[in-house]
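Participant: just need the structure, nothing else, for what follows:
(2 chains)
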Amino acid sequence: MTARRLAWLLPLVWGGRVAWAQDTVPPPREGVRVGITYRPGVRPGLLVLGAPPEPVLDSVRAILARDLDFSDQFEVITLPSDDSLVVGIQRARGATPDFVNYRLYGALGADFAVRVRRTGAGPLQVTVYDVRGAAVRRDLTVALPAPTDPGFRLQVHRLSDDVVQAATGARGIAATRLAFLQGNRVYRIDSDAAGLQPLSPPSGRTFSPVWAPDGRRVAYTEFRPDGGGGIYVQDVASGGRRMVPPTSRGLNYAPAFAPNGRTLLFTRSGEDGTDIFSYDIASDCCLQRLTVGRFADNLSPTMSPDGGRIAFVSTRAGLPQIYVMASDGTGQELFAPFDYGVTGSSNAPEWSADGASIAFHRDVGGSLQIFVMDVAGRTVRQLTSAGRNEDPTWAPDGRHLAFVSSRTGSRQLWVIDLETGRIRQLTRGAETRLPAWSPRID
Amino acid sequence: MRLSIPLTLSLGVIVVAAAVACGGKPATPPAPAVDSTAIRDSIARAEAAARAREDSIRRAQAEAERIAAERRRADSLAALASETARVAGMLGEMIHFDFDKSNIRTGDAAMLDTKVAILQANPMLRITITGHADERGSDEYNLALGNRRALAAKEYMVNRGVTADRIMTASLGEEQPVDPGHTEDAWAKNRRAEFAVTAGGDQLKAPAGM
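Facilitator: Purely as a prediction, here's the structure:
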């Protein structure tokens, strides 16, 4: 798309001065970008500036450009190959390396431009330009590990998030990971689908992974041979893990950390049915039963980011639907509205990090679809309709959701941006389910 | 039977030896010492041979009896094993459920009645019921549903007299399908409860009349 746009821009800008062909292309009005996917008032253009080829910086720019694209906040404009166009123009005009051609970038549709440079093996020098204001928006200095270092990509993702913050005021979500189930094992993958690796031990049938608020720990269920299952809290870096509660009865699953990282909510299925419990993992004590469903099951808790409320699934009205209660289990009431006898089962709620929304899936005519409820207004809207879509999980920015979709024939992870509606496939290959999006990893 | 000839012979030797030993007292003067020793030795040898033969007969008979007994025991063990296998088969028969339901189907109640009878005929027997679901429901919800199915089967059996602590329950939701297919046929097979022996299942007696 960008290449096509540049193809017709090329003869126009190659005169030292932008000369619009009067008859064939109307001149752009102020604030209007020319582009095939242009939609008024949607996304600002962001130009990742090129430079003469250099392997490490090329990798950084490629990762950065993709992260910025996946942020769905910009119309990302990358220049072909080594950006000979821009460099050539600058050389032709005898410009200094720091020359910033705001007019040209503006003509390319950019509201922002990002330049990545490095002197020798020193830190990255990253500059974010405000093209419309013709000024430097932010200068960033980033220490960069060697490309062979496992922290290399994560550091570039953090840089991407800084660039997003410089341009929009809110941090991006590139430096995040997703945990999920593949086969019987918990895996993790970076937000840009790189770095797939197992989290849980090779043996053992696992279930329902979640991240702790610190992004350093995960919790998941491992089934026991006797039929029950315990929840393990595992340190991601060391792989060390322990079962909580330490002497678990029954089948414990669908864990959820409270925002304080101390309390673990979970579901227990056993002789007394299925109910929600909380446990203090910091003090290793204080198992508390939050629901008492004599004839109904209560499961899949998720806590509001202020720690005050818990949304969960209950079958008290027959089919499973989304309910809410105070964090001590009091004040249980229906949360996501439904028409009795009409609305299908609703499951797998997850509270967004900004507290404003609950995502869940609901049976629509025999197929599961992703829904989001506005917490304040308690209105729901359906996000998906193609194939079977389930188990949504929020990115920390509160505008992206990952979910499982079978639209290509096998269960894979997809990401949807709620603002633009853009959907991209995250995983390919082995069947993948029960995703959990991490907080930002600092 | 082959032993009968040596048996007759040895009996003959004993008779002769006895006649010699018990010969009329006054009729014969004391035999020379050498002769009487030889006779006694000969008698002793004959007696020893007789005992050895009798022992070998007894041993042979005992061996034959042992083999027969072993055969009888093997036969009865085989009968027991086949009964155990038959009973275990009845006990292990799965029951099935309607979509998103945990009530016992009327057609499956008889199978549960059989299992109740088996548990009552075998007081040491303990079982675990594991509930399963098809892949159509939600993954987490299916664990709760499988649990409910296992509990429903247990409740049915407890209501008919089985002590509650002899039945454990578990759920694997949709995690362990018997049929990995994506058809109604596969789903119907996967909506099930399985019955596994956890203790006391080495020898199972069939309930009366089964």
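Participant: summarise which helices and strands whichever helix in chain B runs longest is packed against.
Facilitator: Taking DSSP state H as the assignment, the helix of chain B that covers the most residues is helix B:33-92. Contact here means 3 or more CB pairs under 8 Å, 6 or more residues apart in numbering or on different chains; DSSP states H and E; on that basis helix B:33-92 packs against helix B:4-21, helix B:106-121, strand B:192-199. For every residue, glycine as well, the C-beta is placed using N, CA and C.
Participant: domain-wise, how is chain B divided?
Facilitator: For chain B, whose domains are defined here by automatic domain parsing, the residue ranges read B:4-73, B:95-199.
Participant: indicate which one of the ones you listed is closest to A:Val292.
Facilitator: When these are ranked by distance to A:Val292, counting by CB to CB, first place goes to domain B:95-199 at 14.9 Å.
Participant: picking up where we left off before, any idea of the angle the longest helix of chain B forms with strand B:192-199?
Facilitator: With axes from the mean of the first three to the mean of the last three CA atoms, to 10 degrees applied, the angle from helix B:33-92 to strand B:192-199 works out at 150 degrees.
Participant: quick one: average pLDDT of the helix or strand just after helix B:33-92?
Facilitator: Next helix or strand after helix B:33-92 toward the C-terminus (DSSP states H and E): strand B:95-96. In this model, strand B:95-96 has a mean pLDDT of 98.
Participant: mind listing the strands strand B:95-96 pairs with, and their directions?
Facilitator: Each strand that pairs with strand B:95-96, with its direction, by DSSP bridges: strand B:192-199 (antiparallel).
Participant: by mean pLDDT, show me the worst of the domains of chain B.
Facilitator: domain B:4-73 (a mean of 72).
Participant: was I right about A:Ser208 contacting A:Thr221?
Facilitator: Yes - contact status for A:Ser208 versus A:Thr221: in contact at 5.4 Å, counting by CB atoms under 8 Å.
Participant: so what sits against both of the two?
Facilitator: Counting by CB atoms under 8 Å, 6 or more residues apart in numbering or on different chains, the shared contacts of A:Ser208 and A:Thr221 are A:253-255.
Participant: just put those in JSON lines and tack on secondary structure, distance to A:Ala170 and neighbour count.
Facilitator: Formatted as JSON lines, the shared contacts of A:Ser208 and A:Thr221 follow (DSSP: H, G, I helix; E, B strand; the rest coil; distance: CB to CB, whole Å; neighbours: other CB atoms under 10 Å in any protein chain shown):
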{"residue": "A:Tyr253", "secondary structure": "strand", "distance to A:Ala170": "34", "neighbour count": "28"}
{"residue": "A:Ala254", "secondary structure": "strand", "distance to A:Ala170": "30", "neighbour count": "31"}
{"residue": "A:Pro255", "secondary structure": "strand", "distance to A:Ala170": "28", "neighbour count": "27"}
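Participant: export the residues you listed to JSON lines and tack on pLDDT and distance to chain B?
Facilitator: As requested, the shared contacts of A:Ser208 and A:Thr221 are exported to JSON lines (pLDDT from 0 to 100; distance: CB to the nearest CB, whole Å):
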{"residue": "A:Tyr253", "pLDDT": "98", "distance to chain B": "6"}
{"residue": "A:Ala254", "pLDDT": "98", "distance to chain B": "5"}
{"residue": "A:Pro255", "pLDDT": "98", "distance to chain B": "11"}
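Participant: nearest to A:Gly120, of those residues?
Facilitator: Comparing every one of the shared contacts of A:Ser208 and A:Thr221 with A:Gly120 (CB to CB), the shortest separation belongs to A:Pro255, at 47.5 Å.
Participant: residues touching that closest one, list them.
Facilitator: A:208, A:210, A:219-221, A:231, A:264-266.
Participant: give me phi/psi at the nearest residue to A:Asn298 once chain neighbours are set aside?
Facilitator: With CB to CB, 6 or more residues apart in numbering or on different chains as the criterion, A:Asn298 has its nearest non-adjacent residue at 3.8 Å, and that residue is A:Thr291. The phi and psi values for A:Thr291, taken as degrees, to the nearest 10, are phi -130, psi 150.
Participant: is it true that A:Thr291 touches A:Ile310?
Facilitator: No - using CB under 8 Å, A:Thr291 is not in contact with A:Ile310; the gap is 9.3 Å.
Participant: can you pull the residues that touch both of these two?
Facilitator: By CB under 8 Å, 6+ apart, the residues touching both A:Thr291 and A:Ile310 are A:276, A:325, A:329.
Participant: between A:Thr291 and A:Ile310, point out the one with more neighbours.
Facilitator: When A:Thr291 and A:Ile310 are compared for neighbours, A:Ile310 comes out ahead with 27 against 23, by other CB atoms under 10 Å in any protein chain shown.
Participant: bridging residues for that one?
Facilitator: A:Ile310 has these beta-bridge partners by DSSP bridges: A:Met303, A:Met325.
Participant: which ones are touching it?
Facilitator: Contacts were defined as CB under 8 Å, 6+ apart; by that measure A:Ile310 touches A:265, A:276, A:290, A:301-304, A:324-327, A:329.
Participant: 7 Å instead?
Facilitator: Residues in contact with A:Ile310, defined by CB atoms under 7 Å, 6 or more residues apart in numbering or on different chains, are A:265, A:301-303, A:324-325, A:327.
Participant: and A:Leu434, by the same measure?
Facilitator: Under the criterion of CB under 7 Å, 6+ apart, the contact list for A:Leu434 reads A:180-181, A:208-209, A:391, B:139.
Participant: what's the closest of the shared contacts of A:Ser208 and A:Thr221 to A:Asp417?
Facilitator: Nearest to A:Asp417 among those is A:Ala254, at 26.3 Å by CB to CB.
Participant: tell me how far the closest one lies from A:Leu299.
Facilitator: Between A:Ala254 and A:Leu299 the computed distance is 6 Å (CB to CB, to the nearest Å).
Participant: and A:Phe152, by the same measure?
Facilitator: With distances taken as CB to CB, A:Phe152 is found 40 Å from A:Leu299.
Participant: the more surrounded of the two?
Facilitator: A:Leu299 (28 against 17).
Participant: and for the strand or helix carrying that one, what's in contact with it?
Facilitator: Under the criterion of DSSP H and E, A:Leu299 resides in strand A:298-303. By CB under 7 Å, 6+ apart, the list of residues contacting strand A:298-303 from outside reads A:254, A:256, A:258-259, A:265, A:267, A:274-276, A:291, A:310-314, A:327, A:347-351, B:140-141, B:144.
Participant: return the residues of the stretch 151-300 of chain A in contact with chain B.
Facilitator: With CB under 7 Å from any CB of the partner chain as the criterion, the stretch 151-300 of chain A comes near chain B at residues A:205, A:208, A:227-228, A:251, A:253-254, A:269, A:271, A:274, A:297, A:299-300.
Participant: does B:Asn142 really touch B:Ala133, like I thought?
Facilitator: Yes - between B:Asn142 and B:Ala133 a contact is recorded at 3.9 Å, counting by CB atoms under 7 Å.
Participant: which one of the contacts of A:Ile310 is nearest chain B?
Facilitator: Compare each of the contacts of A:Ile310 with chain B using CB to the nearest CB and the shortest gap goes to A:Pro301, at 10.5 Å.
Participant: any idea how far A:Thr291 is from the closest one?
Facilitator: 9 Å.
Participant: please apply the same query to A:Gly365.
Facilitator: 30 Å.
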